[in-house]
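**Student:** Pasting a predicted model and its sequence here:
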Amino acid sequence: MGSVTVNRLDDVPGVTELVLDRPEAHNAISTDHARQLVAATADVAADPGVRAVVLSSSAPRAFCVGADLKERNTIDDDGLRAQRLLFRAMFTGLLELPVPTIAAVHGYALGGGLELALSCDLIVADETAVLGLPEVSVGLVPGGGGTQLMTRRLGWSRAADLIFTARRLDAAEAHRLGLADRLVPAGSARSAALELATAIAAHSPVGVRNAKRAMRQGFDAPLAAGLDIEDAAWRATAFSGDRTEGVAAFNEKRRPEWPGE
């Protein structure tokens, strides 16, 4: 049985941690594990009090090694088709969370494990991280967004190099190429990701959510359409309670108390 633990951190208001918690299998994604992550992301998406999410791992040597190939070896074609629908829902649930998401990566992040990280907005990797999409080496293609998300992050040629060769990157090269956004000392990926999430959660929840929406929706749009998307996000934020409170707090030289409306 796999599991996903949802931690709403009392000492860090607004930050929720989703912990991949199948350490005995290095967080290999089983059908049950995927089902629990779908439920966890749906729960977080429906909670207006969440301002940032950290995706972390309880396994000492891995963030996530991808799909559970031992389970896959017992599944027939019909079972694989059914699991595919569940896996797509798992990646989509994470990718479409309305608040900033941060992957805290240590150890192995391979295949679907790297795709979970790529489905987050930011990746914090420690020096032990090993990242790669090895699917073509086992007769598959990346199917959790890897062909699309890695190409958007790195550009065509770099993504092609990594996907076609199935090679693994150490943390330093991943950071140099832009696959990891922040590189931190060994053992500090989770704490660094939580620190980053805390900084994000201190800002206007309305502003941050609308900024993410504009960035996501406008990323592949023509510039004129993207600017219209940005304008809609600005209007949705400028006439909110958060804008009123933010301006008042600035002028009164105090910390804002965001209504989040």
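**Tutor:** Cool, got the structure.
**Student:** which residues in this protein form helices?
**Tutor:** Taking DSSP state H as the test, the helices found in the chain are 31-45, 69-72, 77-95, 112-118, 146-154, 156-165, 171-177, 189-201, 205-218, 223-238, 241-251.
**Student:** who does the fourth one touch, helix- and strand-wise?
**Tutor:** Going back to what we said before, that points to helix 112-118. Counting contacts by 3 or more Cβ pairs under 8 Å, 6 or more residues apart in numbering; DSSP states H and E, helix 112-118 packs against strand 62-64, helix 77-95, strand 101-105, strand 130-132, helix 146-154. For every residue, glycine as well, the C-beta is placed using N, CA and C.
**Student:** chain center to it, what's the gap?
**Tutor:** 8 Å (Cα atoms, centre = their mean, to the nearest Å).
**Student:** tell me, what residue is most central in this protein?
**Tutor:** Nearest to the mean C-alpha position of the chain, counting by Cα atoms, centre = their mean, stands residue 120 at 1.8 Å.
**Student:** Let me see the contact set for it.
**Tutor:** 53, 55, 94, 101, 102, 103 (Cβ atoms under 8 Å, 6 or more residues apart in numbering).
**Student:** Just the pLDDT for the residue nearest to the last one when sequence neighbours are not counted.
**Tutor:** Take residue 103 and drop its neighbours on the chain: the residue closest to it by Cβ to Cβ, 6 or more residues apart in numbering is residue 117, 3.8 Å away. Reading off the per-residue confidence, residue 117 sits at a pLDDT of 98.
**Student:** Number of residues surrounding residue 117?
**Tutor:** 27 (other Cβ atoms under 10 Å).
**Student:** got the contact list for it?
**Tutor:** Residue 117 sits in contact with 55, 63, 64, 103, 105, 109, 123, 131, where contact means Cβ under 8 Å, 6+ apart.
**Student:** what's the spacing between it and residue 211?
**Tutor:** Note on residue 117: its distance to residue 211, by Cβ to Cβ, to the nearest Å, is 21 Å.
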